[in-house]
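*Asks:* Here is a sequence with its predicted model. Questions after.
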Amino acid sequence: MPVITFPHMGYVYIALKSIFKTLGGEVVVPPRPNKNTITLASKYAPELVCLPLKINLGNFIEAINLGANLIVTGGGEGPCRYGYYGEIQRRILKDLGYDFDLVMVNQTKGIEIIKKFKYITKTKSTWDTLKALYFGWNKMKLIELAEDNLRASRPFEMVEGESERVFLKILQEIDNMKILKEIKDFSGYINESFSKINIEKKDGYLKIAIVGEVFMVLEPFVNFNIEKRLAEMGIFVDRTVKITNWLKRVWLFDSEARSEIKMIKELAKPYLKEHIGGEGIYSIGQSILSKARGYDGVIQIAPFTCMPEIVAYSIFPKVMQKEKIPVLSLFLDEHSVETGIMTRVEAFVDLIKRQGKNKHQ
Ligand code: SF4
């Protein structure tokens, strides 16, 4: 019987674990990315590959050492390096002598996803697979709703740490859900739990949007928990990258998602006409949209050597000049040091404050 593992990225593991377990699979969730993950990653991954590939690789080694023997990962489609991600990881791990199977799921192909999940869990029923995927999808939506509430509450909370306590409790409850029925009405419970937190919004608080490469934006360990750090400065943060939006975008099954994508691409068009892989075009479009939505600045987060984000970075000076929105670009790798990064973030916040475009009622 395969023991399944997968990459860690924010809280996505809760949804993935749930899908595999619902289908009767045994799962090893890798430890949250940590110093040991980075040490393993730096030792075995090629120096100049993207940080997400390295962190995933380190996590896979940790999971195999905990008993996993089937890795499920994304990939198989470019145009950036994401297309051959899984294959590189497979070869490195095989060269290291690990005994495992690796299944690469191309998230752009709906039918393939169902087939691969059936293969992974040895489930014969398409209906059961669809139900499990639907369950995981709904858990992910609840997680994102909780994250939205956390972001709205944390910068203004009267009791330090209260929003995070509520958030972690809710996450645990979502993680514990075993059947679809438990999800019903849970979004109301999430909103209600956060509404009980005492908050005080001061006039003139800053609003910053975070754009960039999906893994770097979603995984707090690699981005030095930037959302929390900004909230501690009293700044409202919006994260433009979400897993459900990302999947809606590739599957295009939702008319709201379709029109939003169209709008974002239109906004980016004067600067970048084509999809160049990753989030590149969305980083540009979302930054312009954030300005229209009243944000004071944008922080772009990406791994060192990420091609689509480097293209976006080279375009940002024009965007800043024409759209009048300040952008700070943070390119991170395993050598990045938190103090240095946070000094740059604080300087950026000071700059926005000085520009005096920070008045929100
Ligand atoms: S988007 Fe960037 S980090 Fe992600 S695989 Fe492509 S090049 Fe690497």
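*Replies:* Yep, it's here. Numbering: from 1, shown residues only.

*Asks:* And whichever strand or helix holds residue 349, what does it pack against?
*Replies:* Per DSSP states H and E: residue 349 is located in helix 338-355. Applying 3 or more C-beta pairs under 8 Å, 6 or more residues apart in numbering; DSSP states H and E, we find helix 338-355 packed against helix 226-232, strand 297-303, strand 327-332. Just so you know, the C-beta spots here come from the backbone N, C-alpha and C atoms, and that holds for glycine as well.

*Asks:* Looking from the ligand, tell me which residue of the stretch 201-350 of the chain is nearest.
*Replies:* Nearest residue of the stretch 201-350 of the chain to the ligand: residue 278, at 2.7 Å (C-beta to the nearest ligand atom).

*Asks:* Mind checking what secondary structure that residue has?
*Replies:* Residue 278 falls in the coil class when you classify it by DSSP: H, G, I helix; E, B strand; the rest coil.

*Asks:* Spell out which residues of this protein are next to the ligand.
*Replies:* Neighbours of the ligand within the chain, by C-beta under 6 Å from any ligand atom: 50, 52, 80-82, 213, 277-278, 303, 306-309.

*Asks:* So which of those residues sit within helices?
*Replies:* 52, 307-309 (DSSP state H).

*Asks:* which one among these gets closest to residue 282?
*Replies:* residue 308 (9.2 Å; C-beta to C-beta).

*Asks:* For the nearest residue to that closest one once chain neighbours are set aside, grab the count of nearby residues.
*Replies:* Nearest residue to residue 308, sequence neighbours excluded (C-beta to C-beta, 6 or more residues apart in numbering): residue 280, at 3.1 Å. As a burial measure, residue 280 scores 27 neighbours (other C-beta atoms under 10 Å).

*Asks:* circling back to that earlier point, just send the residues of the chain next to the ligand back as JSON lines, with pLDDT too.
*Replies:* Below are the residues of the chain next to the ligand laid out as JSON lines (pLDDT from 0 to 100):
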{"residue": "50", "pLDDT": "90"}
{"residue": "52", "pLDDT": "93"}
{"residue": "80", "pLDDT": "80"}
{"residue": "81", "pLDDT": "82"}
{"residue": "82", "pLDDT": "82"}
{"residue": "213", "pLDDT": "95"}
{"residue": "277", "pLDDT": "82"}
{"residue": "278", "pLDDT": "84"}
{"residue": "303", "pLDDT": "95"}
{"residue": "306", "pLDDT": "94"}
{"residue": "307", "pLDDT": "92"}
{"residue": "308", "pLDDT": "93"}
{"residue": "309", "pLDDT": "96"}
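
*Asks:* Give me the mean pLDDT for the helix holding residue 349.
*Replies:* Helix 338-355 comes out with an average pLDDT of 94.

*Asks:* Contacts made by it with the rest, please.
*Replies:* Residues from elsewhere that reach helix 338-355, judged by C-beta atoms under 8 Å, 6 or more residues apart in numbering: 206, 208, 224, 226, 229-230, 233, 235, 296-297, 299, 326, 328, 330, 332, 358.

*Asks:* Also stretch 172-191?
*Replies:* Counting by C-beta under 8 Å, 6+ apart, 14, 17-18, 131, 134-135, 138-139, 141-143, 145-146, 149, 170 sit against stretch 172-191.

*Asks:* okay, and for the chain, where does confidence drop off?
*Replies:* 76, 78, 108, 250-253, 356-361 (pLDDT under 70).

*Asks:* Run through the residues that contact the closest residue to residue 287 other than its chain neighbours.
*Replies:* Leaving aside its chain neighbours, residue 287 sits nearest to residue 298 (4.5 Å; criterion: C-beta to C-beta, 6+ apart). Counting by C-beta under 8 Å, 6+ apart, residue 298 touches 208-211, 286-287, 290-291, 325-328.

*Asks:* By residue count, what's the longest helix in this protein?
*Replies:* helix 126-153.

*Asks:* Okay, buried residues for that helix please.
*Replies:* For helix 126-153, the neighbour count (16 or more other C-beta atoms under 10 Å) marks 128-129, 132-133, 135-136, 138-153 as buried.

*Asks:* How about stretch 51-65?
*Replies:* Neighbour count says stretch 51-65 has 51-64 buried, by 16+ other C-beta under 10 Å.

*Asks:* same check, this time on stretch 167-175
*Replies:* In stretch 167-175, counting by 16+ other C-beta under 10 Å, buried: 167, 170-171, 173-174.

*Asks:* so how far is it from its chain's centroid?
*Replies:* 18 Å (C-alpha atoms, centre = their mean, to the nearest Å).

*Asks:* for stretch 300-317, same thing?
*Replies:* 17 Å.

*Asks:* What is the end-to-end distance of stretch 195-207?
*Replies:* 20 Å (C-alpha to C-alpha, to the nearest Å).

*Asks:* can you pull the buried residues of it?
*Replies:* So, applying 16+ other C-beta under 10 Å, buried residues of stretch 195-207: 197, 199, 205-207.

*Asks:* quick one: contacts of that stretch?
*Replies:* By C-beta under 8 Å, 6+ apart, stretch 195-207 touches 153, 155-159, 162-163, 166, 234-238, 294-297, 349, 352-353, 358-361.

*Asks:* Go again with 7 Å.
*Replies:* Residues outside stretch 195-207 that contact it (C-beta atoms under 7 Å, 6 or more residues apart in numbering): 153, 155-159, 162-163, 166, 234-236, 294-296, 349, 352-353, 358-361.

*Asks:* Pull out the buried members of those.
*Replies:* Taking 16+ other C-beta under 10 Å as the criterion, what is buried in the contacts of stretch 195-207 is 153, 155-157, 162-163, 166, 235-236, 295-296, 349, 352, 358.
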